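here's a sequence, model it:
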Amino acid sequence: MDRQFSSFTIEGDEFISMGDPLDLGPDFDATQTELLPPFQLSLDIITGTICAISIGNSPDVEASQSYLSKGFVNACSAKDVSGTKLKAWIIDSILIGKIDTKSVPHLPATIQLDEDAGTFIELFIEQVDPSPVQKNVIDLLGRIVSRSHDSSWVDPLTGLANVSQVINHITELVRSDELLEICTLVIDIDGFSAINENYSISYGDQILKSIAARLQGSFGGKGFLGRLFSDVFVLVITGINSDETATWLGRSVQTCLAGPFKVDEDDEPVLLTASIGVARVSTDSEPTADEILSMSSKARSVAKRSGPGGIELYQGINYLANLRVQTDKALLREAISGGQISLLYLPIYELTDMRMVAVEALARWDHPEKGQLGAGMFAPLAEEMGLGRELARIVLEQAINQSVHWWNRFPGLDIRIDVNVSESYLKDSALAFELIHMLESRSGEHLPIWLDISVGGLTGRSWGRSEAQLHALSEYGIGLNLDNLGEDGAGLSVLTKFSFDQVKFAKSMIELVDTSEVARKVILSTTDLVRTLGTSVCAIGVENADQLKFLKDIGIDSVAGYQLARPISAEGLEMVFSLSGNQPPDQAD
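Modelled structure (predicted):
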């Protein structure tokens, strides 16, 4: 038969055009297709899902083509998830060249679709015997779908699983109800590009086939083999419970590939080595297939840098944590540069009359996977990345802009905004200049801005680089808070070097009030000492009534914490200002 009915397409991550007649098996009679109208079938390369069918040259169709979309198939499946009543829309479209969406075609065939993905499962006959033409269509369609689905999971050169099937296999292992140790070995053939250059690409392809066959012969019965790309293969195996066993397995792979390779008997032998990256991960850490492959791939890169024939092993859970940190770094860098850092405000109240005297600006990051994160979860990472100064500058600028807005909307509003300054920004000689410039550009039309200076950034050698900044800021009239007093026992020595406007006890100190008499005595004596210096005292992290009573009894000036109010958005604070003035909601008149 001259007509090549196999000229269908497969669509997905890559486009494959199959111009040669499709081999549907030796038992399929090509003459069976003579009664069929020409058509084109499109399928998803990953799942084999039917995406579209195009009908052409049919005398029963006015238009030259008719389409059956993947969405339409899924919609039909949703109406009848069992598939037992869903009639053969596809066969109908092939036979009569059109799709009638208003009525169910009366054909004696049913197509079974996957309930979730809408993928083709099977097509069977029911009720009455089909005509010869209908039988031919059913047989042809089944073979095409089956063949195209198989080809979408297989590397066409080596016959091993392709990367899509590898990812699917690892995903199935991770989702297994059984707790498993998954070991992946990414196998990179050293210097393979030289074979393509010195011989030919087709010769290199033959060597790759031989490599695949040798790996399959040695490890096919023990694990799952695939080809990721080019000269990089992967072996996935479970039950490897120690680093020693994983390393031994890598050496076994290298031994398997150590023998000479030949395409023809008269060829010079080709000797190869392999660099191997190994990742061993337990499924209880809930990794994804991409994460596991990325781990072993990065380990492979390290192995290659050490020279041909190297093996690099990473502990699964530790490396997985490191991989996620690297991902967070990339996301945080994008968030800082893209203006995705926002502020909440923690109200601070005077203890004598419970009037709001300040708000502390708290940076927040809406992480795309973890949700909203507090500064403690990402500010240290920003410092590690060298972005601490930029993050602090963004927070300062947002807080100043907000202070300008409130100054204009609520004339006479008597509060200040406290803003934390990172250690790296405090050491930067440009801090005072930049902050004063920000304030000057607002012409004084803003609420007071005070800076929270963490005690940890003022110890040891840090003090010398920070002192000049503090004096310049103080002389301009910017209030300075010594923050986190008592954190890891630090802070009192700093009070002998500089006169701060306020001291804030660390939250970790306030938490000890409930359980430690010693902590209560330390807080009392420290409060008395600080107040003799003419400095006010604030306690952050008050979370219950007993803590609040103790702090009030010892003469703490101001407090903040969940007992009084949680961090609130700028819009929420404006409502508080409008409804209850400067008092906590539960204490307003």
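
quick check: Glu172 vs Glu178, distance?
11 Å (Cβ to Cβ, to the nearest Å). The C-beta positions use only the backbone N, C-alpha and C, and glycine is treated the same way.

with neighbour numbers in mind, choose between those two.
A direct count of neighbours by other Cβ atoms under 10 Å for Glu172 and Glu178 places Glu172 higher, at 10 against 7.

my read is that one is in a helix, agree?
Yes - applying DSSP: H, G, I helix; E, B strand; the rest coil, one finds Glu172 inside a helix.

please report how far it lies from Ser296.
If you go by Cβ to Cβ, the gap between Glu172 and Ser296 works out to 18 Å.

tell me who's in contact with Asn168.
With Cβ atoms under 8 Å, 6 or more residues apart in numbering as the criterion, the residues that contact Asn168 are 153, 289.

quick check: which element contains it?
With elements delineated by DSSP states H and E, Asn168 resides in helix 163-174, which encompasses its position.

quick one: name whatever helix or strand follows that helix.
The first helix or strand that comes after helix 163-174 along the chain, using DSSP H and E, is strand 181-189.

pLDDT on that following strand, on average?
Strand 181-189 comes out with an average pLDDT of 94.

helices or strands next to that strand in the packing?
Packing partners of strand 181-189 (3 or more Cβ pairs under 8 Å, 6 or more residues apart in numbering; DSSP states H and E): helix 163-174, strand 232-238, helix 243-256, strand 274-282, helix 289-305.

adjacent strands (with direction) for the helix or strand just after the longest one?
Toward the C-terminus, helix 289-305 is succeeded by strand 311-315 as the next helix or strand (DSSP H and E). Sheet partners assigned to strand 311-315 using DSSP bridges are listed as strand 274-282 (parallel).

what about the residue nearest to Val174 when sequence neighbours are not counted, how many neighbours?
Once its chain neighbours are removed from consideration, Val174 has its nearest residue in Thr283; the separation is 5.2 Å (Cβ to Cβ, 6 or more residues apart in numbering). Counted with other Cβ under 10 Å, the neighbours of Thr283 add up to 19.

would you check how far apart Thr283 and Ala289 are?
Separation of Thr283 from Ala289 (Cβ to Cβ) stands at 11 Å.

what does stretch 494-507 rub up against?
Residues external to stretch 494-507 that are found in contact with it (Cβ under 8 Å, 6+ apart): 450, 452-453, 455, 458-459, 463, 467, 470, 479-487, 491, 523, 526, 529-530, 533-541, 557, 561.

residues of that stretch that come out buried?
494-495, 498, 500, 502-507 (16 or more other Cβ atoms under 10 Å).

what ranges does the stretch 401-550 of the chain have for its strands?
416-421, 449-454, 479-485, 502-505, 536-540 (DSSP state E, counting those that start in this stretch).

winner for burial among these?
Stretch with highest mean neighbour count among the strands of the stretch 401-550 of the chain: strand 502-505 (a mean of 27; mean count of other Cβ atoms under 10 Å).

quick check: Ser164 vs Glu286, distance?
Relative to Glu286, Ser164 is positioned 22 Å away (Cβ to Cβ).

quick revisit: looking at the buried residues of stretch 494-507, spot the one nearest Ile207.
Lys507 (63.7 Å; Cβ to Cβ).

picking up where we left off before, now do the contacts for the residue nearest to Val174.
173-174, 176, 179-182.

distance of it from Glu178?
Following Cβ to Cβ, the distance that separates Thr283 from Glu178 is 8 Å.

pLDDT weak spots in the stretch 451-589 of the chain?
Across the stretch 451-589 of the chain, the stretches falling below the confidence threshold (pLDDT under 70) are 457, 459-462, 464-465, 488-491, 580-589.

now the helix holding Asn168: mean pLDDT?
Computed over helix 163-174, the mean pLDDT rounds to 90.

please apply the same query to stretch 226-241.
When pLDDT is averaged over stretch 226-241, the result is 93.

only C-alpha atoms, please: export it in PDB.
Taking C-alpha atoms only, stretch 226-241 is exported to PDB below (Å, rounded to 0.1, in the frame of the first residue of the first chain):
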ATOM      1  CA  GLY A 226      18.500   4.800  32.000                       C
ATOM      2  CA  ARG A 227      20.300   7.300  29.700                       C
ATOM      3  CA  LEU A 228      20.000  10.900  30.800                       C
ATOM      4  CA  PHE A 229      21.600  12.600  27.900                       C
ATOM      5  CA  SER A 230      24.700  12.300  25.600                       C
ATOM      6  CA  ASP A 231      27.200  10.100  27.400                       C
ATOM      7  CA  VAL A 232      25.600  10.200  30.800                       C
ATOM      8  CA  PHE A 233      23.800   7.200  32.200                       C
ATOM      9  CA  VAL A 234      22.000   6.500  35.500                       C
ATOM     10  CA  LEU A 235      21.600   3.500  37.700                       C
ATOM     11  CA  VAL A 236      18.800   3.600  40.300                       C
ATOM     12  CA  ILE A 237      18.900   0.900  43.000                       C
ATOM     13  CA  THR A 238      17.300   0.400  46.400                       C
ATOM     14  CA  GLY A 239      18.500  -1.400  49.500                       C
ATOM     15  CA  ILE A 240      22.000   0.300  49.600                       C
ATOM     16  CA  ASN A 241      22.200   1.000  53.300                       C
END
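
what's in contact with it?
155, 157-158, 160-163, 165-166, 169-170, 173, 180-189, 192-193, 208, 211-212, 215, 219, 222-225, 246, 249, 253, 280, 293, 296, 300.

picking that back up, quick one, the helix holding Asn168 and strand 232-238 angle?
Taking axes from the mean of the first three to the mean of the last three Cα atoms, to 10 degrees, one finds that helix 163-174 is oriented at 20 degrees with respect to strand 232-238.

quick one, what contacts Asn196?
When contacts are counted by Cβ under 8 Å, 6+ apart, Asn196 is found next to 203-204.

can you confirm it is in a helix?
Yes - residue state for Asn196 (three-state DSSP) corresponds to a helix.

per-residue pLDDT, it?
Asn196 carries a pLDDT value of 85.

over to Phe120?
Reading off the model, Phe120 has pLDDT 42.

Arg333 too?
The predicted local confidence for Arg333 comes out at a pLDDT of 91.

wait, Lys209 touches Asp155, no?
No - here Lys209 does not reach Asp155: they are 10.2 Å apart, not a contact under Cβ atoms under 8 Å.

who's more crowded, the two?
The residue with the greater number of neighbours, taking Lys209 and Asp155 and applying other Cβ under 10 Å, is Asp155; the counts read 20 against 16.

didn't the more buried one look like it was pressed against Asp205?
No - the criterion here is Cβ under 8 Å, and Asp155 misses it with Asp205 at 11.4 Å.

domains for the protein, by residue range?
Listed by automatic domain parsing, the domain ranges of the chain are 9-151, 163-324, 339-570.

what's the burial count for Glu268?
With neighbours defined by other Cβ under 10 Å, the count for Glu268 comes to 8.

any idea how far Pro308 is from it?
With Cβ to Cβ as the criterion, Glu268 and Pro308 are 19 Å apart.
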